[in-house]
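**Q** Okay, here's the prediction I keep looking at, along with the sequence it came from:
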Amino acid sequence: MRADEGDGADAGASPTEPDRPTLARAVDLPLEGRDAPSSWGRRLLIGAVLLWFAALILIPGLALARQAFAGGARPLIAALAEPGVQRAFAMSLGITLVATLVNTVFGIAMALVLVRQRFFGRSLVDGVVDMPFAVSPIVAGLMLIVLYGPDSAIGGWLESRGFQVAYALPGMILATMFVTVPFVVRELVPILREMGEEYEQAAHTLGAGRWRTFRSVTLPSIRWGVAYGVTLTVARCLGEFGAVLVVSGNVIGRTQTATLYIAEGIESFHPEGAYAASLVLAASSFLLLVGMDLLRARLERTREVEP
């Protein structure tokens, strides 16, 4: 009789479900309430994160906006209409366009090489890609001066043929490209690794060439990674200061970007244009990042409701 009762009890229990979760048993917690952390701890964590965010980003941004609009909108618009400000923004936009275009093309190529190819030194190259994150932008500018300055072998040879790199627009573009190298690469590498090579191999099997496979299979799969990488690159290009300062010489009207104009305005005790330019740069970067995130979320919701 006992054996039958035992068999009935065993039969009613699931053979695959343990009598107590492994994690709860490991930390010796009671079963009841283990899925719901204490409400005060949750609120404390949320409050600490929001306070940190406000202290570092929100409050300084609001302070900048308040200072820029201290005299009203008319002085702000007048400051932005000054020729020096417009030249500085035009130079920043031109450098951003060239640097973003070049780093996007070669960033996609670099990510494909790192993920799809096997060669000696691949791990070293993969690590060196992150060097601009670790090296100060001022050091990056100094390296370019050492390499392309008028006293260097390469720089002297180029200048003798009428092509100046240091203290000119080409050096500023190189400095901006250096500090923005990792963004597209680091956005695409994890996507390509997760994607695998099955679809690309299937396209090759069906007779598609490398370019058609990339255009029809690879690029649509990584398009959001490319978009995020481009967005981050543009925002970083617009805000670059240290490397451009060293390699440009900050010649007013010739090699002065928007960030250099801001620094010059603060140092010369004429901050009105600096506040206006700072607000435009900050707002542009904010709108780029938030707009990209909202657009992606909307498109993902659209794909979910489609049959």
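**A** On my side now, so go ahead.

**Q** Kindly report the domain assignment for this protein.
**A** Structurally, the chain divides into domains by automatic domain parsing as follows: 37-68, 81-305.

**Q** Reformat these as CSV; add distance to R74.
**A** (C-beta placed from N, C-alpha, C; glycine too.) Below are these laid out as CSV (distance: least, C-beta to C-beta, whole Å):
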stretch, distance to R74
domain 37-68, 12
domain 81-305, 11
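
**Q** okay, these, which one's buried deepest?
**A** Highest mean neighbour count among the domains of the chain (mean count of other C-beta atoms under 10 Å): domain 81-305, with a mean of 17.

**Q** From the chain's centroid, how far away is that domain?
**A** 9 Å (C-alpha atoms, centre = their mean, to the nearest Å).

**Q** Output the below-cut-off pLDDT ranges for this structure.
**A** 1-38, 298-299, 301-307 (pLDDT under 70).

**Q** which residues in it form strands?
**A** In the chain, no strands are found when defined by DSSP state E.

**Q** Apart from its neighbours in sequence, what residue is nearest the residue positioned nearest the centre of it?
**A** Per C-alpha atoms, centre = their mean, the C-alpha nearest to the average position across the chain is that of L232, at 3.4 Å. In this structure, L232 finds its nearest non-sequential neighbour in F183, 4.3 Å apart by C-beta to C-beta, 6 or more residues apart in numbering.

**Q** Can you give me every residue that contacts that neighbour?
**A** Contact partners of F183, counting by C-beta atoms under 8 Å, 6 or more residues apart in numbering, are 103, 107, 229, 232-233, 236.

**Q** So which of the residues you listed belong to helices?
**A** 103, 107, 229, 232-233, 236 (DSSP state H).

**Q** Return the two entries of those that lie farthest from one another.
**A** Pairwise distances across the ones in helices among the contacts of F183 peak at 12.6 Å for G107 and R236 (criterion: C-beta to C-beta).

**Q** hmm, who's touching stretch 246-253?
**A** 84, 87, 138, 141-142, 144-145, 166-168, 171-172, 174-175, 255-257, 260, 263-264.

**Q** what's the distance between the residue nearest to L232 and V247?
**A** 20 Å (C-beta to C-beta, to the nearest Å).

**Q** And for L238?
**A** 17 Å.

**Q** just L80 next, same as before
**A** 26 Å.

**Q** L147 now?
**A** Taking C-beta to C-beta, one finds L147 at 10 Å from V247.

**Q** One more: R296?
**A** 35 Å.

**Q** Same question for F53.
**A** For F53 relative to V247 (C-beta to C-beta), the value is 34 Å.

**Q** Could you measure from the closest residue to E187 other than its chain neighbours over to Q86?
**A** The shortest distance from E187 to any non-neighbouring residue, by C-beta to C-beta, 6+ apart, is to G229 (3.9 Å). Separation of G229 from Q86 (C-beta to C-beta): 29 Å.

**Q** before we move on, back to that, tell me who's in contact with the residue nearest to the centre of the chain.
**A** 183, 187, 289 are the contacts of L232 under C-beta under 8 Å, 6+ apart.
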